[in-house]
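**Student:** Sequence unavailable; structure follows:
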Ligand code: SRM
Ligand code: SF4
């Protein structure tokens with residue numbers, strides 16, 4: 001249990017918040033500042049929003065003795081990452097009216113809008129609400145957006161499995177009406193009673209993440225989550241989930257007590273009742289045993305390692321009132337998005353569009369945002385986000401495929417996807433500058449130009465067909481999941497990155513730090529030499545990640 005005498009400041013804010021209301025109503029109407037009152041800056045996260053400032057303009061603002069340029073990021077709760085065409089049109093218009101206009105697909109299958117000024121928060125949330133969209137619990141010390149393998153071609157049972165994302169999201173939603181009162185003007189009832197048996201008044205010690213994977217594709221990076229559910233399909237029937245717990249990728253430079261960890265397999269469960277009960281009780285264990293003193297050590301991965309996996313599992317089975325069965329066989333063979341057109345078992349069509357680092361906008365190269373808007377206007381497609389920050393134009397009927405394809409072609413979206421290198425299509429980066437307050441280095445603004453320089457090395461070493469995963473994060477929090485990639489860049493300071501190698505292709509092995517704080521020239525030199533060695537490997541089926549793991553192991557053995 002956590003040390004009640006030494007609680008972190010956020011614990012007090014949560015319990016004193018009157019079920020996440022705090023003074024948000026007053027804060028939001030305070031005209032003399034673009035910021036919120038201090039405690040409300042923590043609370044607003046539970047409502048799916050972050051207070052941020054434009055870090056590019058901090059110095060200029062400070063020099064002029066002006067307040068930093070505050071604005072807000074809003075992240076939608078979108079279990080499984082699905083939008084109807086009407087919701088897409090709404091999102092497009094809301095982005096244009098209230099934010100920078102960029103629709104940013106996240107690594108957790110949802111979207112964020114940035115640059116929303118304080119007076120626009122409420123209109124934005126209200127506009128989303130008219131499209132049946134909300135941002136409840138998209139951030140904060142609660143369960144976040146629930147992920148599910150995106151592509152319906154994955155399995156004939158996709159819809160049945162996909163439905164669990166919604167069920168779990170609802171199961172773990174906070175019960176407070178605060179969101180509706182503050183943002184949607186719902187009247188606060190004098191005799192309201194909002195018992196929240198799951199979160200109580202203290203919520204969780206830290207953020208909590210759940211993902212559902214449908215083998216053979218681990219596109220959700222299931223082992224990077226606090227709870228990972230792996231669908232088990234036998235004889236064309238969905239028979240339950242293997243359940244893993246304790247994944248998380250963040251580390252802190254210079255803090256050896258922090259580490260990335262992949263979730264540990266606990267066992268198998270068959271019925272819906274048991275699956276939901278186990279998910280619920282894992283959350284209650286984390287609520288009761290998680291570290292509430294040190295937020296750096298508060299995620300479930302540390303709770304499990306402190307308790308020991310056997311004790312943790314015993315506690316889970318005790319709380320559930322049943323035992324987990326032995327895990328069932330499964331195999332992941334890929335983790336990528338299926339670009340281009342694919343058909344599912346019902347004959348519907350799906351087009352996966354490459355979106356570099358999840359940023360949907362119109363620029364001098366491509367009118368992606370307008371193209372997708374025109375597709376949504378046909379009302380003949382829906383949209384699914386992937387955890388690799390791409391979008392799937394979905395559920396297109398055979399008779400409508402030509403119309404949608406013509407739009408993909410005329411807006412250059414098809415050629416954009418077709419003409420992108422494998423390396424770039426398997427890359428992603430977190431947001432980092434200019435909005436992320438924790439960024440030490442650039443990520444999404446820099447990775448495209450770095451890849452421009454890596455691509456010639458790929459060509460030089462004849463590796464164009466290799467689907468090497470390359471990921472970049474602007475700090476060691478790992479939002480771009482760089483710790484589970486074959487080439488991982490982790491920002492250490494402006495223009496400097498640790499280079500990680502040796503992760504496997506499907507996300508079942510963490511990579512390891514190979515070189516410290518490299519600048520661009522050093523990155524290119526290191527990659528040139530690794531690519532050269534890799535292109536001369538004897539086993540041509542060996543992936544870059546497996547090859548570099550051997551390089552790491554052999555250098556460890558020599559030391
Ligand atoms: Fe993240 C904090 C962006 C996925 C680990 N993350 C942040 C914040 C909110 C910075 C902050 O605390 O003020 C970033 C906002 C940047 C901005 O300006 O938008 C941020 N994280 C993102 C997104 C948008 C990256 C992206 O480009 O897609 C992803 C949003 C996901 C979503 O829709 O919910 C995002 N973050 C992740 C992931 C990947 C995942 O979950 O699959 C991780 C690593 C996995 C994990 O949780 O261990 C991740 N983010 C963190 C952490 C470290 C948590 C920890 O255990 O210590 C922080 C910092 C924190 O919580 O204190 C963080
Ligand atoms: Fe910000 Fe770091 Fe996350 Fe990138 S990894 S978005 S820099 S917190």
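**Tutor:** Cool, the structure landed. Given the structure is predicted, the values throughout are model-derived calculations rather than measurements. Ligands and ions are numbered 1, 2, ... in the order given.

**Student:** Report the rounded mean pLDDT for stretch 442-454.
**Tutor:** Mean per-residue pLDDT for stretch 442-454: 98.

**Student:** got a list of contacts for it?
**Tutor:** Contacts to stretch 442-454, defined as Cβ atoms under 8 Å, 6 or more residues apart in numbering, come from residues 356-359, 421, 423-424, 427, 429-434, 470, 472-474, 480, 489, 491, 494-495, 520, 523-524, 527. Backbone N, C-alpha and C define where each C-beta goes, glycine included.

**Student:** try stretch 347-356
**Tutor:** 105, 151-153, 337-344, 368, 372, 384, 386, 389-398, 401, 404-405, 408, 413-414, 416-417, 420, 424-425, 448.

**Student:** Please pick the buried ones from these.
**Tutor:** Neighbour counting over the contacts of stretch 347-356 (16 or more other Cβ atoms under 10 Å) leaves 105, 151-153, 337-339, 341-342, 344, 368, 372, 384, 386, 389-396, 401, 404-405, 408, 413-414, 416-417, 420, 424-425 as the buried ones.

**Student:** can you tell me which of those residues are in strands?
**Tutor:** Counting by DSSP state E, those place 105, 341, 342, 384, 391, 392, 393, 394, 395, 396 in strands.

**Student:** Test my guess that the fifth one contacts residue 382.
**Tutor:** No: under the criterion of Cβ atoms under 8 Å, residue 391 lies out of contact with residue 382, with a separation of 10.6 Å.

**Student:** can you pull out the strands in the stretch 1-150 of the chain?
**Tutor:** 49-53, 70-75, 82-83, 103-105, 111-116, 147-148 (DSSP state E, counting those that start in this stretch).

**Student:** Is it possible to get a markdown table of the ones you listed that adds mean pLDDT and distance to residue 202?
**Tutor:** Compiled in a markdown table, the strands of the stretch 1-150 of the chain are given as follows (pLDDT from 0 to 100; distance: least, Cβ to Cβ, whole Å):
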| stretch | mean pLDDT | distance to residue 202 |
| --- | --- | --- |
| strand 49-53 | 98 | 21 |
| strand 70-75 | 98 | 23 |
| strand 82-83 | 97 | 32 |
| strand 103-105 | 98 | 31 |
| strand 111-116 | 98 | 27 |
| strand 147-148 | 96 | 26 |
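
**Student:** right, so of these, which gets closest to residue 376?
**Tutor:** strand 82-83 (8.6 Å; Cβ to Cβ).

**Student:** How about residues contacting that closest one?
**Tutor:** Around strand 82-83, the neighbours that count as contacts under Cβ under 8 Å, 6+ apart are 91, 162, 382, 383, 384, 385, 394.

**Student:** Direction included, what does that strand pair against?
**Tutor:** Using DSSP bridges, the strands paired with strand 82-83 are strand 382-385 (antiparallel).

**Student:** Tell me the buried residues in the partner strand?
**Tutor:** Neighbour-count burial for strand 382-385, with 16+ other Cβ under 10 Å as criterion, is recorded at 382, 383, 384, 385.

**Student:** Roughly how far does the nearest residue to the second one once chain neighbours are set aside sit from ligand 2?
**Tutor:** When you say that, I think you mean residue 383. Spatial nearest neighbour of residue 383, chain neighbours left out: residue 83 (4.5 Å); criterion: Cβ to Cβ, 6 or more residues apart in numbering. Distance, residue 83 to ligand 2, using Cβ to the nearest ligand atom, to the nearest Å: 23 Å.

**Student:** Repeat that for residue 78.
**Tutor:** Distance check for residue 78 against ligand 2: by Cβ to the nearest ligand atom, it reads 19 Å.

**Student:** Then residue 153?
**Tutor:** According to Cβ to the nearest ligand atom, residue 153 stands 31 Å off from ligand 2.

**Student:** in the chain, what spans have low per-residue confidence?
**Tutor:** Scanning the chain for pLDDT under 70 picks out 1-4, 154-155, 558-559.

**Student:** That one against ligand 1: which residues are in contact?
**Tutor:** Residues of the chain lying close to ligand 1 (Cβ under 6 Å from any ligand atom) are 50, 52, 73, 75, 106-108, 110, 112, 144-145, 207, 209, 221, 224, 248-250, 299, 358, 430-431, 435-438, 477-479, 481.

**Student:** Among the residues you listed, name the buried ones.
**Tutor:** Buried by 16+ other Cβ under 10 Å: 50, 52, 73, 75, 106-108, 110, 112, 144-145, 207, 209, 221, 224, 248-250, 299, 358, 430-431, 435-436, 477-479, 481, out of the residues of the chain next to ligand 1.

**Student:** Once you drop chain neighbours, what's closest to residue 115?
**Tutor:** residue 100 is the one closest to residue 115 (Cβ to Cβ, 6+ apart), at 3.9 Å.

**Student:** hang on, isn't the one you found packed against residue 113?
**Tutor:** Yes: applying Cβ under 8 Å as the test, residue 100 and residue 113 come out as touching, 7.5 Å apart.

**Student:** which of the two has more neighbours?
**Tutor:** Taking neighbours as other Cβ atoms under 10 Å, residue 100 and residue 113 compare with residue 113 leading, 26 against 16.

**Student:** residues touching the residue nearest to that one when sequence neighbours are not counted, list them.
**Tutor:** Distance criterion Cβ to Cβ, 6+ apart; nearest residue to residue 113, sequence neighbours excluded, is residue 99 at 3.7 Å. For residue 99, the contacting residues are 74, 113, 114, 115, 116, 120, 124, by Cβ under 8 Å, 6+ apart.

**Student:** which ones are touching the third one?
**Tutor:** This means residue 114. So residue 114 contacts 52, 71, 73, 99, 100, 102, 104, 435 (Cβ under 8 Å, 6+ apart).
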